[in-house]
Structure formats: structure tokens, C-alpha cells
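# Test case, fold it:
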Amino acid sequence: MTDLATIQPAIARALAKRGYETLTPVQEAVLAPELRDADLLVSAQTGSGKTVAFGISLAPTLMGEEEALPRAEAPLAIAIAPTRELAMQVERELAWLYAEAGARIATCVGGMNMTTERRTLERGAHIVVGTPGRLRDHIERGSLDLSAIRAVVLDEADEMLDLGFRDDLQFILDAAPDQRRTLMFSATVPAGIANLAKRYQNKAVRVTTAGDQKQHLDIEYRALAVAPNDRENAVINVLRYYDAKNAIVFCSTRATVNHLTARFSNRGFSVVALSGELSQNERTHALQALRDGRAKVCVATDVAARGLDLPDLELVIHADLPKNPESLLHRSGRTGRAGRKGVSALIVPYNARRRTERLLSDARIAAAWARPPSVDEILARDDERLMEDASFVADVAEDEAAMVAALLERHGADKVAAALVRLHRAGRSSPEELIDDGPVSAPGGASGGTFAERAPREHVAIKDAVWFSLSLGRKQSAEPRWLLPMICRAGHITKNEIGSIRIHDLETHVEIAGVAADKFEAAIGPTRKIEKNVTVTRLSGVPEAPSRPPRPARSSDAETTSAPRMERQDQPGDDYRPREKAKPDYAKKRPFTGGKKRDDRPPRHDAYADRKPSPRDDAPAPAKAGGWPYDDAPPAGKPEKASPEPAAARPAPSAKAADAGIDRPFAKDKKPFAKDKKPKRDKPGAKADFKPDFKPGAKPAKPHRKGEKNPLADVTKRVTADGGKGGLKRKPKA
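Model prediction:
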């Protein structure tokens, strides 16, 4: 029993009139005396009473020690919610909470008449509740005055950031006075909320309730494994099995919402839709129909996943799996609120099993794995409800006694009971037959195990089988593990109706039972194509494997030449290692030389010993005394390089050239240089007749003009061994 004396008297009277005897942990936490005027960052699980919590926390700031609020002139507090439905729900909660204090509360939400909202603000309001976009519009138009604001509340702040309202929130917070309280309430506190709190709150106090560590203890999570094309039927069977007063079916897209709404309506369910494409008036009527009992099922997108409080909501079905753990927790949090029990059922296709297990693990939820309710289980559950109906417990009233006696006398007890059973079953939708070929749960079944690994698929002979050809094969990376689900999904058949799958290079042959073959053809339609332009062709008879091109003939063993295989030498011990091939000298690592070039290879006496052979090498050289084809001998101690020009092609030096000390003559049109004459300086481009000095040790003349080629570039000077005579010879051409 919570002592309500610590709360503002007007708020305490409203709580007592509402029937509050015990406050939730988050409501008790905000009543701490040290948090009376502090900025708060509160994180608590959904359904923990956060709206009443910040209403209680705002009372001292708005009322002080007074019994009632002063006359409404400018707003004293503003509460911001991410969606229209949540804003309307916050307005209803604050209306009864501050009814004894005489508070006037205005709403500013998108989709409503803006002129009506402006008139309400002009008449005066103590608290304004709205969505970020509409509140910003009123501030920019001047119809909402924030000069007297004492507190700003952000409800479901993380959702507002996810929906892209960051700029609008910053605009509103910047427009509010600096001397104010800022309260942020959220189920989770991601980095974006922490940064926003650091920027706009002054020494905020973080409040985390103990119940936040254990998510949704009042919610029973069940993961129901189904075939991919049986998800809608599984949703219908779950609705029939639990027969909840109110249920929400969550979908990922608006198109899916419209499709399921139409199908459930045709099956006899009282259903409403809730998505972003509906107007505010339609969304309000849908929620009111759930509260009044005129509708039992709501098919919605994630727009209904935050903050909505439906008192009789007992079942949440995830027709499409949530994308992250936060979405799973917020969806499931619509049930199991304020101590009531609820069920959250996930419809899990076989191919999404691993992803669902990771999702539950990240959300720290232990779910019970099972199959969806079967037809027999649903009918048995209906009979149990009939037997346990409270109408059988009540006594027969006086005004009913005469009719009861007349029925028994005229029809008898058996017929009366049979008629009662028929009436009980007449208004209910028939359950769906499901494909029961999926993996079974691990030992423990409903106690929360995971799926056991599937046994390898064995081929069973199929009678009256029909073969189909698919236009993809081994070259398109075709594999049975994804071909089988694709065929089942496209043809609306089960894997038990599929026999052999033969994958070839460019096509795949699939065997389908004769009964399912026509169904398969009707499902793929006249285009004869399934996923990603895979063409399907019906075959007559058992197909033969396509012929492969012949392999190239292998050479015989006698023609095959290979190096003899080295025999392993016996080595002591087991650590034998084959001997590594010795590396050549130039491949060995050489010591560092400080950046200088170093050549450790020994000098070669013949510079052209390793050159490629030439046809001119076969020409016979003229025999000379001593084996040297010229008159002069090579210098002592320095081997002479071999000339690339064969000796036989060289004419013998003339007597004049020999007297001049030239070892070989020039061409016929060239004359040997004369001594003691300088070269002529002709015009640029003309051939100059150079006559250099041939004294021993003299350097060749440099080009006398820039851009001209040195005529001696192709001439080298050589001093003979005796030092008396010198000569010139041409460089060998490369």
C-alpha cells in the first residue's frame, strides 16, 4: 500500500478515485524528495505507467503548494509524443489525473483541424500535448506561447529520434525558456537520447527501475514455425485458438495490412486497420472500436507499437518478424500491461529460424518453440470454452424456467444440447489446415528449446511423377538447399511432393508428384517463370542427362615423359625434413653496404661468354701468329674484349693506315685524320672533317656548338702496350 500523502493532494484524490492502491516502481521512483525539481532521464519498460509517473512528477513544478492550478493564460507545461495516437492517449491520462486540480489540457496533433487547435490555445491551457511537427507549426505561427513554460516532457524520446523528429525537437527545446525542467521518458536510452539529454538537460538524474532488468515478465513468448506459404493460415489459427478479447497483428508494410484486413474480414473476424496512410479520424475510430468491443482484431504497422494502452489486449501476433530487438519489445509491450497477462506469438518461416533465434537472444527473451495450433487443437479448445462457460454455473431464473421446461419436453435433452453446440460453433471461423512437415522442437518442446537439426533428406520414389526442367544449372551455382524452397514457394507445394533434383551444367531436372504437378503449373502461370526469370518447362517422360563434350585423349604411359621420382632416404627419427634446394649466389641475402652498390660476383675474363650464339660465329677467322688476327697485340694484364664483328669481314689495313698507327681503315669515302690539325668549324648540320691531335693522353675534342653531335662519340683512344704509338678504333656496335 503506497502512502499517497506524499503526493499533491489534488493528484492523490484523482488516483484514489481511479482505484490506485499501489504505484508501480517507476511511479514511486519519481516521488523521491531529491528529484522534486531535478531534470530526469527515466528508462522503464513499456506498460510500467510512465504517463502517470511524469504527471505525478510535474505536479510540484506546476502547482507548488497550491491546491489547484492558477487561471490558464500561457501554457505551463508541454508534453511531446511521437504519434497522434500516443498524444491523444497522454491527453486522456493527464485529463483524469489533473481533473481535481482544475487543469485545462489542449492537444496539437497532425491530421486535426488547426483552426480549432488555435482557438483552444487562445482560450488558455495549462498543459499542451502534441506531436513535434504540429507543435513547431504553432510556435512558428505565433499561436503557441512558450514564455511561461516551466517543464517540457519528451515521451518515447527514442522513437521520436528514430522517426526523424530531431530537428523539430531541437527547435521546440530552443524556443522554451532556459529555466525549466526537462523530463525524458523512454523504454531504452540509446546514444542519441544520451546526447540530447546532455545538451538540453541540466545535471539530469538517470532513473532506471528494477523491473527494467527483466523484460515483460507478464508476457508469454511463443515462436511458431510454419512453412513460408502458410504464414497467413497460421495467423488465423492463432487467433482462433486464443480467442482473445482484443488482439493486434503487426505487419511490416501498409500493403500487407490492407491484404490481411480484407482476408480476416472475409473469414468472419471483426477487424480494423491502423497504418500511416489512414487519416487521423479513421485511426481514432479504429482504436475506439477496439476499446468499445466493436472490433476484436487490429491489423497494424509499427505506428501502433509505441505507447498505446488497450486494457483488454491479450494477444500480439507478429505476422512479419520485427527488424530489431527494440521493435520486438515495443510491439510485445502492448499486452501484459499493469500486471495483466498476455501472449506474444511470432510467426517464424522455416528459412528465418536462425535469424529469429538471434533476435530473441539479443532481446534476452526465452521463447517457447512450437508449431501453430492444428485444427483438432482449435476445436478441442472451443469445446473447453463451452464447458467452462459461466452461463452453466448460474441458476435457472424464474422467467427462464418455463421455457427450459418446454424445450426439454418438446425436443429432449440431447437435441437441446446439440443445438447449443451448433450455435456456439456457428459464429466462428473454420480453422485452416497447415503443412505439418517442418522441423520439430528440441527436447523440452514448449519449455523453450530450439529447433533440432534436420535429418538429411532421403529420396522416396514417387508414383506418376512429372519431370520439369529449370533454366539454370551448375554454372549458375544451383544448389538443392535453395532450389527446393524456391520451388515450394513459387508452386505452392510441399517438399514431400518433390522427388529427385538433378542439377546439370545449364539446366536442372525436378521430379514432382503427379497430383501436385497440375497445381504447380497453375501457380507459376502462363509466363512459365519463377524467381529471377527462371523458366520452367514440362518434360515428357524421364529426361536423360545432357551429353558432355568428349574429354581429350590422354597420352600413354610410354609417351609420357616425366622426371624420375626421388626416393626418400631413410633418416633416423620422425623429424625428417626434405633437403631444400640450394639457392644461387645472386639469390642469397647480401649484407647491407650503406647504400653503395656492391657486386660479389667474381670478374669474368670473357665479357661475351654468355651471349647468344650468332651465325657469324661459324665463319673461320684468319690464322695469325700467336692466334691474334691483328698486327698489334692486346695490352698485357688486361684481356681484350672480343669484337662483335667477325674477323673475316674486316679488310686488311692499308700501308698508309699502318704508318699512321690506325689498326683498321675507315670507309672508302672517309680519310684518316691528319696530325697537328684542328677540326674545321662548318655550318650547323654540315659534316665536319675533324683532324684531332693523336698525342698519347690527349682527350677527344668536345662539340664546339650546342646541339651538335660529337664526331668522336663513336671513337675511343687506345694506347699500345709499348706506349710509343697510339691509334683509334671504333666502338663495337651494340
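
# give the contact list for the residue nearest to residue 469 when sequence neighbours are not counted.
Nearest residue to residue 469, sequence neighbours excluded (Cβ to Cβ, 6 or more residues apart in numbering): residue 537, at 4.5 Å. The way it works is simple: take the backbone N, C-alpha and C, and place the C-beta from them, glycine included. Contact partners of residue 537, counting by Cβ atoms under 8 Å, 6 or more residues apart in numbering, are 468, 469, 471, 528.

# Hmm, residue 507 and the first one touching each other?
No. If you go by Cβ atoms under 8 Å, residue 468 and residue 507 don't touch, sitting 10.3 Å apart.

# Against residue 242, how distant is residue 391?
Per Cβ to Cβ, to the nearest Å, residue 391 is found 21 Å from residue 242.

# Ignore what I typed, I meant residue 99.
Distance, residue 99 to residue 242, using Cβ to Cβ: 36 Å.

# Then residue 199?
Note on residue 199: its distance to residue 242, by Cβ to Cβ, is 46 Å.

# So between these two, which is more surrounded?
residue 242 (17 against 9; other Cβ atoms under 10 Å).

# Identify the residue spatially nearest to that one, adjacent ones excluded.
Spatial nearest neighbour of residue 242, excluding adjacent residues (Cβ to Cβ, 6+ apart): residue 315 at 5.1 Å.

# Report the buried members of the contacts of residue 537.
Among the contacts of residue 537, the ones that count as buried by 16 or more other Cβ atoms under 10 Å are 468, 469, 471.

# okay if I get these as a markdown table plus pLDDT and distance to residue 417?
Shown next, in a markdown table, are the buried ones among the contacts of residue 537 (pLDDT from 0 to 100; distance: Cβ to Cβ, whole Å):
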| residue | pLDDT | distance to residue 417 |
| --- | --- | --- |
| 468 | 92 | 53 |
| 469 | 92 | 59 |
| 471 | 91 | 61 |
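
# Now distance to residue 163 and secondary structure too, for those residues, in CSV please.
Output for the buried ones among the contacts of residue 537, formatted as CSV (distance: Cβ to Cβ, whole Å; DSSP: H, G, I helix; E, B strand; the rest coil):
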residue, distance to residue 163, secondary structure
468, 47, strand
469, 49, strand
471, 45, coil
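
# is it possible to export those to TSV including distance to residue 404?
Below are these laid out as TSV (distance: Cβ to Cβ, whole Å):
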residue	distance to residue 404
468	64
469	70
471	71
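
# now, among those residues, which is nearest to residue 410?
Nearest to residue 410 out of the buried ones among the contacts of residue 537 is residue 468 (Cβ to Cβ; 62.3 Å).

# tally of neighbours for the closest residue to the closest one other than its chain neighbours?
Spatial nearest neighbour of residue 468, chain neighbours left out: residue 510 (4.9 Å); criterion: Cβ to Cβ, 6+ apart. Residue 510 sits with 24 neighbouring residues when counted by other Cβ under 10 Å.

# Could you list the buried residues of the helix or strand harbouring residue 510?
Assigning secondary structure by DSSP states H and E places residue 510 in strand 508-512. Buried positions in strand 508-512, judged by neighbour count with 16+ other Cβ under 10 Å: 508, 509, 510, 511, 512.

# List the buried residues in stretch 285-297.
Neighbour-count burial for stretch 285-297 [16+ other Cβ under 10 Å]: 286, 287, 289, 290, 295, 296, 297.

# quick one: the first one from residue 133, how far?
Just to be clear, that refers to residue 286. Taking Cβ to Cβ, one finds residue 286 at 22 Å from residue 133.
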